[in-house]
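Enquirer: Give me a model of this one.
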Amino acid sequence: MLIAFAGLPGAGKTTVAQALAREMAAVYLRIDTLEQAFIASGSCGADVGPAGYLAGYAVAKDNLRLGQTVVADSVNALQVTRSAWRRVARETGVPIVEVALICSDAAMHRARVEGRRADIPGHNLPTWESVLERHCDAWDTEPLVIDTAGLSVKQAVATILRHLPRDR
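Expert: Residues are numbered from 1 along each chain as shown. Have a look, this model is predicted:
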């Protein structure tokens, strides 16, 4: 199956997605990692546009066709990217679970954003102001919404696992 995460920077996507992938022994696919690799290659400058997502869709398809579960970690704020993840699942014949992480406590969310350290060499992290200004399209489906302000990582992972299709 494909588990596609979404949420603003600092909501806890990477932490929860990595923990879930570890728990499930799933393939972990992080768009930030792909984008930073493109930037480091010098082939596209600082603005990689859709390249990271396009590479992510291709890598996800390869692994889904091998029978692997894929956990995709990205902001996924636009309808076009969400539709593309659904298309990946459809083309590979697997179910998709969309997980939207939020942090309802603005002070906690801000502290997370401002206290983060890049874990990818050369990765420029967003500022709190840029997080607030980020455009997010409304959902046209109903994702599983996880509020990380009130849950531990372990609780968030357990909640996601409870919502996955039984025939996994």
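Enquirer: start to end distance for stretch 58-74?
Expert: By CA to CA, to the nearest Å, the extent of stretch 58-74 from end to end equals 15 Å.
Enquirer: For it, which residues meet the burial criterion?
Expert: If you call a residue buried by 16 or more other CB atoms under 10 Å, then stretch 58-74 has these buried ones: 59, 60, 61, 63, 64, 68, 69, 70, 71, 72, 73, 74. For the C-beta atoms, the positions are set from N, CA and C on the backbone; glycine is no exception.
Enquirer: list the contacts for the third one?
Expert: The reference is to residue 61. By CB atoms under 8 Å, 6 or more residues apart in numbering, the residues touching residue 61 are 88, 91, 92.
Enquirer: Wait, a strand at it?
Expert: No - Residue 61 sits outside any strand when classified using DSSP: H, G, I helix; E, B strand; the rest coil, being helix.
Enquirer: So it versus residue 88, what's the distance?
Expert: The spacing between residue 61 and residue 88, counted by CB to CB, to the nearest Å, is 6 Å.
Enquirer: likewise residue 9?
Expert: Residue 9 is 23 Å from residue 88, by CB to CB.
Enquirer: And the helices in this structure, which stretches?
Expert: For the chain, the helices defined by DSSP state H occupy 13-24, 31-41, 51-65, 79-92, 106-115, 128-133, 153-163.
Enquirer: Which of those helices has the highest mean neighbour count?
Expert: Greatest average neighbour count among the helices of the chain goes to helix 13-24 (a mean of 20), per mean count of other CB atoms under 10 Å.
Enquirer: tilt between that one and helix 153-163?
Expert: 60 degrees (axes from the mean of the first three to the mean of the last three CA atoms, to 10 degrees).
Enquirer: What mean pLDDT does helix 13-24 get?
Expert: For helix 13-24, the mean per-residue pLDDT is 97.
Enquirer: can you give me how far that helix is from the chain middle?
Expert: Helix 13-24 has its C-alpha centroid displaced from the chain centroid by 10 Å (CA atoms, centre = their mean, to the nearest Å).
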